[in-house]
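> Fold the following.
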Amino acid sequence: MSEFFSHPNASIPSDGPPNPLPGQPPAGAGGSAGGAERGRSPSAAEAADPPAPAAPLAPLPSQHPAPAVPAHEGYPQPTAGPLDSPSNPPADMEALLPPDLQGLRPRFGRGSRGRRLVKKEAAATPAITPQQRLLLLDIWRRSGLPAADFAALVGLSKHTLYGWKKKFDAEGPAGLMDQPRGGPKGSRLPDLTQRTILMLKQANPSWGCQKISDMLLRGPALPASAAAVAHVLHAAGYELEEVPTRPHPDHPRRFERARPNQLWQTDLFTFVLKRQNRRVYLVAFMDDYSRFLVGYGLHASQSSALVLEVLRAALTNYGVPEEILTDNGSQYVTWRGKSAFAKELEKRGIRQVVAAPRRPQTLGKIERFWGTLWRECVESAVFVDLGDAQRRIGHFIDHFNFQRPHQGIDGLVPADRFFGAAAEVKRTLAARVAANALELARQGVPRAPFYLTGQVAGQPFSVHAEGERVILTREAGARQEVDLVTPAVAGGGPAPAMPEPVCPVGVVTGAVETEEQEAPLPGTSPLDAGLEQLPPLPGDPKGGQS
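Alright, predicted model coming up:
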């Protein structure tokens, strides 16, 4: 190796000084050389006759002879060639390697340390196959060279050679095989958790990943992050759909009180009972800190009496708040004087906070609850009458308070925050909440299954119940509703009664609904009966009538 790394122009003559380096005058005999060395200019004769070049000498014997490499089938054997003459170094070191190893970039010596900007090479070094790794290890063992020297010859690092050798000693040729990178593909959640995620998504298509994660943690206690839920849904074929929305010109502004019963919000909501085509009005009071519904009421009219009854029921069960936030509805605010609602709050020492007109964002928490109530209950439910709607909406409020996680309060249920300092009260009320409160709110009391099929005049048909309806299906798949009467319970026994909700409900007593009043006959008045009971006036034989 010493002959290869010697300088090609630094040959040493056998009987004289060494040849000069390029750019230096040759050393002559006598004083000419010394004069030249002392800075004297050479004469014209000396400049005209340059000295003849010295003949090259035979190469010196190598001080580090190359080790003998045993003969092996398929490996090139060392022959007298490029390495035997220091004046004729090999033009390409790849010629010394086997054909399948020619392509590795040699690295002679270490580069400069530190950071520097380099241009990325267009063609990357090809990957080394397991067969090439095994061949390189075998050549390295046979050569007897140190790891650093051999690695520089083949364009590798000595640490790479040591790593290959360690794997080969531990596992044999299998340790040199390509290993798969990264973790195992697919979700790492248990199969039970993955099936539960898919069942929840199928039963509630509007639920997002965070909502499903919160329900898994609170319900069956199956931990799964929102990202893990999204991975399972994506593997099952669900895709993220971009739904265009209208632009919001203003950024949202949020506020939240620091403790329960510091601020309540109240508002009214209206919808139509489908079976009776009758409009009803719902009022509710919500705690601002916990989103806990403290009271509700459902009536056929949006009167102040309904709001006051719901307020009194909520105050009786959950205490007196410091403030109540309302809008500018006629039930809360009058343009002249004080409303009955304002007088009730003043009597109880509660401060009324009125939102700005045409600004529903101020009551955003309870407005958001109306949207949740509509999507998850009222939109798909078919109520029998006003009383059935009142009970089933109460069960949904129980589900909202005690079972439904809320993303606005870090995945907790409203009862967790509202009863933070009263665990016993929360435990007692939670025990009274029906386990299937959401199903009771959506479907009502579970009915016995009803299904009938057969043929009439050679035409097949089937009759089955869907909630409160009975559907007739013909051969071509045409559906027809044949009866609106609820199917009788199997066995002829009484129908199961729906349990009463836990949330306090305000009922307006002594009020007659205007929709059920009969119109008086022509020429009569409801006051006629009272006038007949008046004592007769003097000189009036017909009594109190005139």
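> which helix in this structure runs the most residues?
Criterion DSSP state H: the longest helix present in the chain is helix 386-402.
> for the protein, what spans make up the strands?
263-273, 278-287, 293-299, 323-326, 351-354, 451-456, 459-466, 469-473, 479-483 (DSSP state E).
> List the strands paired with the longest one, with their directions.
Counting by DSSP bridges, the strands paired with strand 263-273 are strand 278-287 (antiparallel), strand 323-326 (parallel).
> Give me the neighbour count for residue 507.
For residue 507, the count of nearby residues is 13 (other C-beta atoms under 10 Å). C-beta coordinates here come from the backbone N, C-alpha and C atoms, glycine included.
> Quick one: residues contacting it.
Residues in contact with residue 507 (C-beta atoms under 8 Å, 6 or more residues apart in numbering) are 297, 309.
> measure the nearest residue to residue 274 once chain neighbours are set aside to residue 219 for me?
In space, and not counting its chain neighbours, residue 274 is closest to residue 382: 5.6 Å by C-beta to C-beta, 6 or more residues apart in numbering. Using C-beta to C-beta, to the nearest Å, residue 382 is found at 27 Å from residue 219.
> and what of residue 334?
Counting by C-beta to C-beta - residue 334 and residue 219 are separated by 47 Å.
> now residue 139
Distance of residue 139 to residue 219, computed by C-beta to C-beta: 64 Å.
> Repeat that for residue 128.
Relative to residue 219, and taking C-beta to C-beta, residue 128 is found at 53 Å.
> if you count what's nearby, which of these two comes out ahead?
Each of residue 128 and residue 219 has its neighbours counted (other C-beta under 10 Å); residue 128 has more, 21 against 12.
> Break this protein into its domains for me.
128-178, 191-235, 263-443, 446-494 (automatic domain parsing).
> which of the ones you listed is buried the deepest?
A comparison of the domains of the chain by mean neighbour count, using mean count of other C-beta atoms under 10 Å, puts domain 263-443 on top with a mean of 18.
> Mean confidence (pLDDT) on that one, please.
Regarding domain 263-443, the rounded mean pLDDT is 88.
> One more: stretch 164-173?
Stretch 164-173 comes out at a mean pLDDT of 90.
> Also stretch 212-230?
Mean predicted lDDT for stretch 212-230 stands at 88.
> Give me the contacts around that stretch.
187-190, 192-193, 196-197, 200-201, 207-210, 232, 403, 405, 407, 411, 413.
> Mark which of those are part of helices, please.
192, 193, 196, 197, 200, 201, 209, 210, 232.
> and the two most separated of these?
192 and 210 (20.5 Å; C-beta to C-beta).
> Quick check: beta-bridge partners of residue 505?
For residue 505, the beta-bridge partners are residue 296 (DSSP bridges).
> ok, it to residue 272 distance?
20 Å.
> out of the strands of the chain, nearest to residue 363?
Of the strands of the chain, nearest to residue 363 by C-beta to C-beta is strand 263-273, at 5.5 Å.
> what is the orientation angle of that closest one with strand 293-299?
Following axes from the mean of the first three to the mean of the last three C-alpha atoms, to 10 degrees, one obtains 30 degrees for the angle between strand 263-273 and strand 293-299.
> Excluding chain neighbours, give the residue nearest to residue 367 in space.
residue 360 (5.6 Å).
> My guess is that neighbour contacts residue 368. True?
No: in this structure, residue 360 is not within contact of residue 368 by C-beta atoms under 8 Å, at 10.4 Å.
> Identify the residue nearest residue 405 in space, chain neighbours excluded?
That would be residue 214: by C-beta to C-beta, 6+ apart, it lies 3.5 Å from residue 405.
> actually residue 312, not the one I typed
Per C-beta to C-beta, 6+ apart, closest to residue 312 is residue 506, 6.9 Å.
> okay, the one you found: pLDDT?
83.
> neighbours around it, how many?
Per other C-beta under 10 Å, the neighbour tally for residue 506 reads 23.
> Please name the residues that touch it.
283, 295, 296, 297, 306, 308, 309, 310, 311, 312, 313, 314.
> Quick check: of those, which lies closest to residue 169?
Nearest to residue 169 out of the contacts of residue 506 is residue 296 (C-beta to C-beta; 76.0 Å).
> Tell me how far the residue nearest to residue 500 when sequence neighbours are not counted lies from residue 397.
Closest residue to residue 500 apart from its sequence neighbours, by C-beta to C-beta, 6+ apart: residue 391 at 6.9 Å. Distance of residue 391 to residue 397, computed by C-beta to C-beta: 11 Å.
> Show me the common contact partners of those two, please.
residue 501.
> Quick one: the helices in the stretch 301-450 of the chain, in order.
Secondary structure of the stretch 301-450 of the chain, counting by DSSP state H, counting those that start in this stretch: helices at 304-318, 340-348, 364-373, 386-402, 414-418, 423-432, 437-443.
> Which residues does the fourth one contact?
So that's helix 386-402. Against helix 386-402 from outside (C-beta under 8 Å, 6+ apart): 273, 278, 280, 282, 284, 292-293, 296, 298, 300, 369, 372-373, 376-378, 381, 383, 413-415, 418, 429-430, 433-434, 437-438, 440-442, 444, 498-503, 505.
> Tell me what angle that helix forms with strand 263-273.
Interaxial angle of helix 386-402 relative to strand 263-273 (the same axes, to 10 degrees): 140 degrees.
> Report the backbone C-alpha coordinates of helix 386-402 in PDB.
Output in PDB follows, covering the C-alpha atoms of helix 386-402 (Å, rounded to 0.1, in the frame of the first residue of the first chain):
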ATOM      1  CA  LEU A 386     -98.200  17.100  24.700                       C
ATOM      2  CA  GLY A 387     -97.700  15.000  27.900                       C
ATOM      3  CA  ASP A 388     -95.700  12.300  26.000                       C
ATOM      4  CA  ALA A 389     -93.500  15.000  24.500                       C
ATOM      5  CA  GLN A 390     -93.000  16.600  27.900                       C
ATOM      6  CA  ARG A 391     -91.800  13.300  29.500                       C
ATOM      7  CA  ARG A 392     -89.600  12.200  26.600                       C
ATOM      8  CA  ILE A 393     -87.900  15.600  26.300                       C
ATOM      9  CA  GLY A 394     -87.300  15.400  30.100                       C
ATOM     10  CA  HIS A 395     -85.600  12.000  29.600                       C
ATOM     11  CA  PHE A 396     -83.400  13.600  26.900                       C
ATOM     12  CA  ILE A 397     -82.400  16.400  29.300                       C
ATOM     13  CA  ASP A 398     -81.500  13.700  31.900                       C
ATOM     14  CA  HIS A 399     -79.300  12.100  29.200                       C
ATOM     15  CA  PHE A 400     -77.800  15.400  28.400                       C
ATOM     16  CA  ASN A 401     -77.100  16.200  32.100                       C
ATOM     17  CA  PHE A 402     -75.700  12.900  33.300                       C
END
